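>>> Kindly generate the corresponding structure for this input.
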Amino acid sequence: MAKAKTSVFFCQNCGFESAKWMGQCPACREWNTFAEEPVVKSPASRGGQTVRRSPNAAVPQALSKVVPEEAARTGTGINELDRVLGGGIVKGSLVLVGGDPGIGKSTLLLQVCRNLSATGEKILYVSGEESPQQIRMRADRMGTFSDSMLLLGETNLDTIREAIESTAPSVVVIDSIQTMFNDAVSSAPGSVSQVRETTGVLMQIAKGSGVTIFIVGHVTKEGVVAGPRVLEHMVDTVLYFEGDRNASYRILRAVKNRFGSTNEIGVFEMTGEGLKEVPNPSEYMLSGRPENTSGSVVACAMEGTRPVLVEIQALACPSGAAYPRRTVDGADLNRVNLLLAVMERRLGTGFSSKDVYVNIAGGIRIREPGVDLGIVMALLSSVRDEVISDKTLAFGEVGLGGEVRAVSMARQRVTEAKKLGFDTVILPQVNLKSVGKVEGLKLIGIRNVRELAGR
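Down below sits the predicted model:
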């Protein structure tokens, strides 16, 4: 049956399909993102035809009859990556790794390939951006690779499929998905159609042969993986590298994981020999903290099951502008504005004529409300020019009434504070009972920010 060749318009941001060009995408509301791409469509089947059922078609069965299977995992040799993946690599999984250019995506995956090849696993690294010579130069800085590590500089998907079938590797790395080309799709590499169809083929290979495939994806200026949004729905796990590429730290975060939690993070430091694990991120984040300086408070946030201690810095100074500035780095700007309004109303602290700057040192981004109390204390310390002891830690959520509400995993936060040498912890009153007494620590429970202001 002949196939009809036509063209449609795709949104380059979300993959929305339209028969005509539109200035604004009705799905994602972005402007000037539609591009015309040729597609091949098969004509619809005619009515009245009998459709034969395949003998291998799946048959519905009761959920109680399904036998659960525990997914076998393989360690990568990098504990921080295994933590984010949920315990290691799952056979036949499809993992998407995104991040800014130069953040360390290829470096991390090359280190994974080195560790796995050292155990005898056959690895295939497919690069569409760098030549094998360039990868060899980068690999020499990391150490020695075994002969089970194979390199392929190719962008044609058919050639890559043949290489996978002939070498039968256990892990395949595709760097990057935007450079791969499928002959069945006539559009250019990196387009919505190419990325979607190429990922679909790789998913069939992963599920059909049990090969674990890592896909490197470019990101847009908004920080999301370039290409259609359906790309993230097709894969099993989506990992994002965060951090300033000009700084040494890197944070790996899972935003989707079918085989584990999406709350865990991995912390790395970029060195000349590659990425180095940071087993104690709290100590790393607090290094270089200033002494006897107002506006500086240590707070504790939870990233999954891991407590992370961060330094919150605040600066409130008189403003000569009609509209004072509100600048926030590392925290949610709307949340900080909410806390400023609570302090104005409940404490009478005037910020309407002051510029306010809030920064979470180390570049980490915190969205947990458990750092609310730390932000309030830092702002009070700055506006009053009072120094808070560097051995004091605070955590708690602040409500609109000024009440300090309970947070989860309070015991773990207190334990982390004791481990790093703090002697005083300010926490919600309702969490005191669950924490109990901790030797060597002074626990101060408060119910309202007014109690905090009176201290």
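
>>> what about Phe145, helix or strand, and which?
Following DSSP states H and E, one finds Phe145 outside all helices and strands.

>>> tally of neighbours for it?
18 (other Cβ atoms under 10 Å). (Each C-beta comes from the backbone N, C-alpha and C, glycine too.)

>>> correct me, but it touches Ala139?
Yes. Between Phe145 and Ala139 there is a contact under Cβ atoms under 8 Å: 5.8 Å.

>>> Which parts of the stretch 151-300 of the chain are helices?
157-167, 192-209, 230-234, 281-285 (DSSP state H, counting those that start in this stretch).

>>> what is in contact with Phe145 and Ala139 at once?
Common contact partners of Phe145 and Ala139 (Cβ atoms under 8 Å, 6 or more residues apart in numbering): Arg114.

>>> ok, back up a step: got TSV for the helices of the stretch 151-300 of the chain, with distance to Ser64, mean pLDDT and mean neighbour count too?
Below are the helices of the stretch 151-300 of the chain laid out as TSV (distance: least, Cβ to Cβ, whole Å; pLDDT from 0 to 100; neighbours: other Cβ atoms under 10 Å):
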stretch	distance to Ser64	mean pLDDT	mean neighbour count
helix 157-167	37	94	15
helix 192-209	25	89	20
helix 230-234	28	81	16
helix 281-285	43	84	19
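
>>> would CSV of those helices with distance to Thr327 be doable?
Output for the helices of the stretch 151-300 of the chain, formatted as CSV (distance: least, Cβ to Cβ, whole Å):
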stretch, distance to Thr327
helix 157-167, 46
helix 192-209, 36
helix 230-234, 31
helix 281-285, 20
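
>>> among the ones you listed, which is nearest Ile426?
Closest to Ile426 of the helices of the stretch 151-300 of the chain is helix 281-285 (Cβ to Cβ; 17.2 Å).

>>> and the strand ranked longest in the chain, average pLDDT?
Scanning the chain for the strand with the most residues, using DSSP state E, yields strand 306-318. The average pLDDT within strand 306-318 is 93.

>>> what's downstream of it, the next helix or strand?
Next along from strand 306-318, by DSSP H and E: strand 326-329.

>>> What average pLDDT does that next one get?
94.

>>> Just give the closest residue to Pro154, not the sequence neighbours.
One correction, residue 154 is Glu, not Pro. For Glu154, ignoring the flanking residues on the chain, the nearest one in space by Cβ to Cβ, 6 or more residues apart in numbering is Ile160 at 5.7 Å.

>>> What distance do you get for the one you found to Gly399?
For Ile160, the distance to Gly399 (Cβ to Cβ, to the nearest Å) stands at 54 Å.

>>> for Val278, same thing?
Distance from Val278 to Gly399, by Cβ to Cβ: 34 Å.

>>> Which one's more surrounded, these two?
More neighbours surround Val278 than the other of Val278 and Gly399, with 19 against 14 (other Cβ under 10 Å).

>>> Count the residues that sit near the closest residue to that one other than its chain neighbours.
Using Cβ to Cβ, 6+ apart and skipping residues adjacent in sequence, the residue nearest Val278 is Val267, 4.1 Å away. Close neighbours of Val267, defined as other Cβ under 10 Å, add up to 25.

>>> Same check on Ala58?
If we define neighbours as other Cβ under 10 Å, then Ala58 has 6 of them.

>>> again with Gly350
11.

>>> what's across from the residue nearest to Arg326 when sequence neighbours are not counted in the sheet?
Of all residues not flanking Arg326 in the chain, Val356 sits nearest, at 5.4 Å (Cβ to Cβ, 6+ apart). Beta bridges link Val356 to Ala316, Arg326, judged by DSSP bridges.

>>> ok, Val356 touching Leu339?
No. Val356 sits out of contact with Leu339 when judged by Cβ under 8 Å, with a separation of 10.1 Å.

>>> overlap in contacts of those two?
Leu379.

>>> Now do the strands in the stretch 351-455 of the chain.
Taking DSSP state E, counting those that start in this stretch as the criterion, the stretch 351-455 of the chain carries its strands at 354-360, 392-394, 397-398, 404-405, 424-428, 442-446.

>>> Tell me what angle the fifth one forms with strand 442-446.
Right, the one you point to is strand 424-428. Going by axes from the mean of the first three to the mean of the last three Cα atoms, to 10 degrees, strand 424-428 is angled at 30 degrees with respect to strand 442-446.

>>> shaky segments in the stretch 51-200 of the chain?
The stretch 51-200 of the chain contains residues with pLDDT under 70 at 51-57.

>>> related to what we said a few turns ago, quick one: which of the strands of the stretch 351-455 of the chain is nearest Asn32?
Of all those, strand 354-360 comes closest under Cβ to Cβ, at 34.7 Å.
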